[in-house]
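Peer 1: Okay, sequence plus prediction incoming.
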Amino acid sequence: MTGDKGTDPPPSSEPPDDPTSAGLRTLPRPVAVAVGAGGVLGAAHVGIGRALEQRGFVPDMIVGTSVGALNGAIAAAQPDRAAPWLDHVWTGLCRREVYPLGNPTSRASLFTDRGLRRLIARSGLPSRIEELAVPFTAVAMDLVTGAQVLLDHGDLESALLASAAIPGILPPVDREGRTLVDGGVIAYVPVLAALQAGAASVVVVSTGPESSPLSPTVPRRRAGAIASRAGLLLMRHQVERDLHEVARHIPTVVLPTGIEAWPAPWDFGHSQRLISTASRTAGRFLDELHINGPGLYRADAPAATAGLGEASTSSLSGVAL
């Protein structure tokens, strides 16, 4: 797979007679889409969603964490025509809209959630989760017990706010007697939740440097660089552990983005680049995908996990784990 160097040919504007890839057609049903966390990097979700939509794919359920919950809810609301709307939303975003400056109403967070509330309000979503066209679950974490909390019914806005409540950055959400924060803390890529919900196969929409090969260089001996590296390793190990566990039971397809240069988490100015690159790369992967039972299907194995029984590395077809 190539990165975002601007050298890839544009996708064809003429859809094939049967737009659904052979690999997608052979995924056991019900098929879940698991949409991971990542903040501004969620723009790449939109590109992957475009590639899936162009191939006529409609999942049986969607499970999302953090920004993946918002993107997933929009896709669940209009499963065959969400890509253009998501593209419009993401290419028009800026930091002050999502993380507005100003005095928060409490000391629980650096920012208020009013920007996120406005974004949800203009996303054309129903008021309740049960009203979405595709069954949907948002993943949050109970701040008292540390337990994963699956929000699959009731008020949609509070579920999305809870799933995206980055600890210390956005305020926790009180819902049904629990204090909830960002699900990315415990389920950065919510594949275990998809398995728990009864999925027979899962398509993973994950973004960010935690899914890219690690740099072999030692970080600079500065507090910020060391903390950043440690956080990246923590996320990577959680994601790899969960992917391998689920892939032991069902086909687990991890869609690539092809992005090599990731922007800062607060920089929304790269959304169009992320969308376009992810759409091209995921589309090529899907067109060559072949499913052969339970296993982990992805383009490249992260360097940190090479040798851990990877079902698929440079090839596009997997084997049982």
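Peer 2: Here it is on my side, so go on.
Peer 1: Counting by contacts, list what the longest strand along the chain packs against.
Peer 2: Counting residues, the longest strand found in the chain (DSSP state E) is strand 136-142. The helices and strands touching strand 136-142, judged by 3 or more C-beta pairs under 8 Å, 6 or more residues apart in numbering; DSSP states H and E, are strand 61-65, helix 67-77, strand 148-151, helix 156-163, strand 178-182. (Glycine included, C-beta is placed from N, CA and C.)
Peer 1: and the very next helix or strand once past the fourth one, what does it pack onto?
Peer 2: What that stands for is helix 156-163. Once helix 156-163 ends, the next helix or strand along the chain (criterion: DSSP states H and E) is strand 173-175. Using 3+ C-beta pairs under 8 Å, 6+ apart, the elements in contact with strand 173-175 are helix 156-163, strand 178-182.
Peer 1: any idea which of the ones you listed is most buried?
Peer 2: Stretch with highest mean neighbour count among the helices and strands packed on strand 173-175: helix 156-163 (a mean of 25; mean count of other C-beta atoms under 10 Å).
Peer 1: Show me what that helix is in contact with.
Peer 2: Defining contact as C-beta atoms under 8 Å, 6 or more residues apart in numbering, one finds that helix 156-163 is touched by 64-66, 69-70, 73, 113, 116-117, 120-121, 125-129, 131-132, 138-140, 149, 151, 170, 172-173, 175, 180-183.
Peer 1: Could I get the average pLDDT for it?
Peer 2: Helix 156-163 comes out with an average pLDDT of 97.
Peer 1: Equivalent analysis for stretch 271-287, please.
Peer 2: Throughout stretch 271-287, pLDDT has a mean value of 92.
Peer 1: Could you list the single helix or strand in this protein with the lowest mean pLDDT?
Peer 2: Taking mean pLDDT, DSSP states H and E as the measure, the chain has helix 95-98 as its least confident helix or strand, at a mean of 61.
Peer 1: Please identify the buried residues of whichever helix or strand comes after that one?
Peer 2: Using DSSP H and E, the next helix or strand after helix 95-98 towards the C-terminus is helix 114-121. When burial is assessed from 16 or more other C-beta atoms under 10 Å, helix 114-121 yields the following buried residues: 115, 116, 119, 120.
Peer 1: Was I right to think the last one contacts residue 67?
Peer 2: Okay, so that is residue 120. No. Residue 120 is not in contact with residue 67 according to C-beta atoms under 8 Å; the separation is 11.7 Å.
Peer 1: Reformat the helices and strands packed on strand 173-175 into a markdown table and put distance to residue 243 next to each item.
Peer 2: Formatted as a markdown table, these follow (distance: least, C-beta to C-beta, whole Å):
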| stretch | distance to residue 243 |
| --- | --- |
| helix 156-163 | 20 |
| strand 178-182 | 20 |
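Peer 1: Residue 58: neighbour count?
Peer 2: Residue 58 has 15 neighbouring residues, counting by other C-beta atoms under 10 Å.
Peer 1: May I have the predicted confidence score for it?
Peer 2: We have a pLDDT of 94 for residue 58.
Peer 1: check contacts around the spatially closest residue to it that is not a sequence neighbour.
Peer 2: Among residues not flanking residue 58 along the chain, residue 79 sits closest, at 4.8 Å (C-beta to C-beta, 6 or more residues apart in numbering). By C-beta under 8 Å, 6+ apart, the residues touching residue 79 are 58, 59, 133, 134.
Peer 1: Out of these, which comes closest to residue 47?
Peer 2: Closest approach between the contacts of residue 79 and residue 47, by C-beta to C-beta: residue 59, at 16.8 Å.
Peer 1: In terms of helices and strands, where is residue 204?
Peer 2: Assigned by DSSP H and E, residue 204 belongs to strand 201-205.
Peer 1: Run me through the strand neighbours of that strand, direction for each.
Peer 2: Each strand paired with strand 201-205, and its direction, by DSSP bridges: strand 31-35 (parallel), strand 251-255 (parallel).
Peer 1: quick one: that strand to chain centroid distance?
Peer 2: Counting by C-alpha atoms, centre = their mean, to the nearest Å, strand 201-205 is centred 10 Å from the centre of its parent chain.
Peer 1: Other residues contacting that strand?
Peer 2: 24, 27-29, 31-36, 45, 48-49, 52, 57, 59, 68, 71, 189, 191, 194-195, 243, 246, 250-255, 291.
Peer 1: List buried members of those by neighbour count.
Peer 2: Among those, the ones that count as buried by 16+ other C-beta under 10 Å are 24, 27, 31-36, 45, 48-49, 52, 57, 59, 68, 71, 189, 191, 194-195, 243, 246, 250-255, 291.
Peer 1: ok so, going back, to residue 273, which of the helices and strands packed on strand 136-142 lies closest?
Peer 2: Comparing those under C-beta to C-beta, the one sitting nearest is helix 67-77, at 17.1 Å.
Peer 1: Before I go, just wanted to say thanks for your time.
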